[in-house]
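> need coordinates for the following:
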Amino acid sequence: MNKAKMTFRFDEQGREAPYTETAKERQTNEPIPVQWNKELPDSSYGKPNEYPVTYRAVETVDYWGDPFTDHTGTGITVFPEHEAPDGGDYYFRRTRTSWWKVAGSLTGAIVTGALFGFVVLSMFNQEITVPIPGIGVPKQEAAGEAANIPVLGSVITEEQAPLVQVVLPSQSYHFLQYGVFSTAEGVELAQQQLRDSGIAAARDTVDEKRVYAGVSPDREEAKMLSGRLKTGGVHLILHEISLPESATVEYNGDAASLQQYLAQSADLVYMLSSSSASLLGEASPSRQSQEEIGQLRESHQLWTKSAAAIRGKLSATAETEAKEMEKAMNSAVEAMEEFNEKGEQTMLWEVQNEMMRFILAEQKIVGVQ
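Next comes the predicted model:
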């Protein structure tokens, strides 16, 4: 918008107008810039303070380049700057920058930027959610329930399962430790060496530098198996792992079903790990009796039902370990049945391998550090 302001005065070619302003009035009220004649002409006015005044049209433009200066155009006293070429006085208004306003504007900009940054960070941290216009309509499931509003900045996550306290049977296992290795390559190489020798191999899931070659709940059985392997050039030491007597687990279901599953798991692991380690300690392993085979099958059927009852009710991490345990248990039972059919010693090492997988996965679920 053009903010120019026009001021008019008339010269000798214009018209004359009487003017009777006194000197005192000129000091207090000069709304219009004027030019006083150098010589006062003869006048018929007859009064000492009365004389003619001539005006000339002059355009004056206020400078509006400074956005922080107040330009009201009223009640302002102007001062002569220099004379016009024809000898008249030429006036314009001086403007000054208000540094208080500059400082205030800069402070406001900084505060606004800080608030905007805080809002953006809060959205990324899921502390503030902003509805996205036009994406669906808030859905009310039932009276009194909160509406489902699409938001920006929130991540849809799985609802955390409630924590349940379970009591575990006393479990202590003696692992045949092959070695402790400083690198992942060393761990993989050690496991491959054991497999090439026809021996079980497993890596600890808590202390991942350890490599094991067998397991037994009975210390004497573990020592007997270690001695037999030593004669073949494989040197092992015993490393004991004990599971806690109670644990807090994320579980979205009846705590009794989870406790039953863990108790049946302990019984079945004891049965399979002990019998396989004992048979491997013999020079010529013999098949199990029909009573032992029947007891194994019955225990496995009960365990299978318990495993199905807890499936899908654990947290995402625990569910992964539970699936690993289920595969290991089924594979161990199948290997033991095949050994009872064919009498192959390699099947006993397969049982040992799967039992180590099961125990090492279970210790992650029950929170062994």
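
> tell me, how many residues neighbour Pro285?
By other Cβ atoms under 10 Å, the residues close to Pro285 number 18. Bear in mind the C-beta positions are built from the backbone N, C-alpha and C, glycine included.

> also Lys230?
With neighbours defined by other Cβ under 10 Å, the count for Lys230 comes to 11.

> give me every residue that touches it.
Applying Cβ atoms under 8 Å, 6 or more residues apart in numbering, one finds that Lys230 lies in contact with Leu236.

> and the gap between it and Arg203?
Per Cβ to Cβ, to the nearest Å, Lys230 is found 22 Å from Arg203.

> what does Gln288 give?
Counting by Cβ to Cβ, the gap from Gln288 to Arg203 is 29 Å.

> could you do Gln301 as well?
31 Å.

> more neighbours, the two?
Between Gln301 and Arg203, Arg203 has the larger neighbour count (other Cβ under 10 Å), namely 19 against 10.

> is it true that that one touches Gln192?
No - the criterion here is Cβ atoms under 8 Å, and Arg203 misses it with Gln192 at 11.6 Å.

> lowest-scoring secondary structure element of this protein by mean pLDDT?
When each helix and strand of the chain is scored by mean pLDDT, DSSP states H and E, strand 151-152 comes last, with a mean of 42.

> what's the average pLDDT for whichever helix or strand comes after that strand?
Sequence-wise, the next helix or strand downstream of strand 151-152 (DSSP states H and E) is strand 163-167. For strand 163-167, mean pLDDT rounds to 90.

> equivalent analysis for stretch 352-369, please.
90.

> pull that stretch out as PDB, backbone CA atoms only.
In PDB, the C-alpha atoms belonging to stretch 352-369 read as follows (Å, rounded to 0.1, in the frame of the first residue of the first chain):
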ATOM      1  CA  GLN A 352      22.000 -84.400  23.900                       C
ATOM      2  CA  ASN A 353      22.100 -81.600  21.300                       C
ATOM      3  CA  GLU A 354      18.400 -80.900  21.500                       C
ATOM      4  CA  MET A 355      18.300 -81.000  25.300                       C
ATOM      5  CA  MET A 356      21.100 -78.400  25.400                       C
ATOM      6  CA  ARG A 357      19.000 -76.200  23.000                       C
ATOM      7  CA  PHE A 358      16.000 -76.600  25.200                       C
ATOM      8  CA  ILE A 359      17.700 -75.700  28.500                       C
ATOM      9  CA  LEU A 360      19.500 -72.700  27.000                       C
ATOM     10  CA  ALA A 361      16.300 -71.300  25.500                       C
ATOM     11  CA  GLU A 362      14.400 -71.800  28.800                       C
ATOM     12  CA  GLN A 363      17.000 -69.900  30.800                       C
ATOM     13  CA  LYS A 364      16.200 -66.800  28.700                       C
ATOM     14  CA  ILE A 365      12.500 -67.100  29.400                       C
ATOM     15  CA  VAL A 366      12.900 -67.400  33.200                       C
ATOM     16  CA  GLY A 367      15.400 -64.500  33.200                       C
ATOM     17  CA  VAL A 368      18.700 -66.100  33.900                       C
ATOM     18  CA  GLN A 369      21.400 -63.400  33.700                       C
END
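
> what does it contact?
Outside stretch 352-369, the residues touching it (Cβ under 8 Å, 6+ apart) are 168, 173, 175, 200-206, 212, 214-215, 241, 243-244, 247-249, 262, 265, 269, 272-273, 276-277, 280, 314, 317-318, 321-322, 324-325, 328-329, 331-332, 335.

> what do you get if the cut-off is 6 Å, keeping everything else the same?
Contact with stretch 352-369 is made by 173, 200, 202, 205-206, 212, 214-215, 243-244, 247, 269, 272-273, 276, 318, 321, 324-325, 328-329, 331-332, as judged by Cβ atoms under 6 Å, 6 or more residues apart in numbering.
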